[in-house]
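In: Prediction below, plus the sequence it came from.
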Amino acid sequence: MKQKNLIRLSQQYEAALETHFKRGPGASLAPALKLGRAAVVLKLDTLALARMHEQALLALGLSGKKNAFVKLARTFFTEANAVIEQTHRAAQEGKASLSRSQAALGLRTEELAVSNRELLRGVAQRKVLADAATKNGQHYKDSLKESLQLQKQLRKLTHRVIGEQEDERHQISRKLQNEIAQTLLGINVRLLSLKQQSRGNTRNFRSAIASTQRLVLKSAHSVKRFARELDIPQPT
């Protein structure tokens, strides 16, 4: 199915490029944007789009030529590829932000783990002292009391460690949700603008934009649902 879609997109690209050449420098770049969005849906990268562009030039007999058509072809490709670049840039920025948050969470977890180990060593030392002071009643009671206090502190610290880890996870979830949702919203705003500009174009063009809008909104809802599922209730 994907191969068929790629072949269909390649044919559409060639036809749109040929039409662009016929209309000249004043031709609208809206078809290029439409093809770029279709390439994103098929998960094509810049290199794949460049191969498709070169195949179209070969089919039209323009590959390797240096004339006005080459400049028009370059403009057409740049406009189509801008959608891919924008999508990839947003994904990379979201991934980098998530990596930084995860690194901060790992560092904080390690610091808390060190504190846990120190408290555990303190509890073990107090237990040894309590065992050695068995023959001294008062000393034994004092040591036991201190050991119980240390254990109580350890339980509190463990609870706090878990709570802080959950807070970090919640922050990562919210941050990921906000960044991706903002990206999708920006795309949707652009589509609304294109829809308003397309009143003089064909019905199919407006239908494609409306369909893409529904896909963007559906993606935004999926991101929010994923973020809610990622959240884990804090310990009571």
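Out: Looks like it came in fine.

In: quick one: the helices in this structure?
Out: 2-23, 30-41, 46-59, 68-132, 137-197, 203-230 (DSSP state H).

In: Quick one: list the elements packing against the shortest one.
Out: Right, helix 30-41. helix 2-23, helix 46-59, helix 68-132, helix 137-197, helix 203-230 (3 or more Cβ pairs under 8 Å, 6 or more residues apart in numbering; DSSP states H and E). C-betas here are computed from N, CA, C, even on glycine.

In: Please repeat the previous calculation with a cut-off of 6 Å.
Out: helix 2-23, helix 68-132 (3 or more Cβ pairs under 6 Å, 6 or more residues apart in numbering; DSSP states H and E).

In: deepest of the helices of the chain, which one?
Out: helix 30-41 (a mean of 20; mean count of other Cβ atoms under 10 Å).

In: Residues in contact with that helix: which ones?
Out: Applying Cβ atoms under 6 Å, 6 or more residues apart in numbering, the contact partners of helix 30-41 are 9, 13, 16, 49, 76, 79-80, 83-84, 87.

In: got TSV for the helices of the chain, with mean pLDDT too?
Out: Formatted as TSV, the helices of the chain follow (pLDDT from 0 to 100):
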stretch	mean pLDDT
helix 2-23	89
helix 30-41	92
helix 46-59	90
helix 68-132	72
helix 137-197	75
helix 203-230	73
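
In: So which of the contacts of helix 30-41 is the closest to Leu157?
Out: Nearest to Leu157, judged by Cβ to Cβ, of these is Thr87 at 44.5 Å.

In: which residue sits closest to the closest one in space, ignoring its chain neighbours?
Out: Spatial nearest neighbour of Thr87, chain neighbours left out: Val40 (5.1 Å); criterion: Cβ to Cβ, 6 or more residues apart in numbering.

In: how far away is the one you found from Ile84?
Out: Distance, Val40 to Ile84, by Cβ to Cβ, to the nearest Å: 6 Å.

In: And Lys43, by the same measure?
Out: Lys43 is 10 Å from Ile84, by Cβ to Cβ.

In: same deal with Leu35?
Out: 10 Å.

In: ok, now Gly26?
Out: For Gly26, the distance to Ile84 equals 25 Å [Cβ to Cβ].

In: Could I get the contacting residues of His88?
Out: By Cβ under 6 Å, 6+ apart, His88 has no neighbours at all.

In: ok, now with 8 Å
Out: 45-46 (Cβ atoms under 8 Å, 6 or more residues apart in numbering).

In: ditto for Lys2
Out: Leu42.
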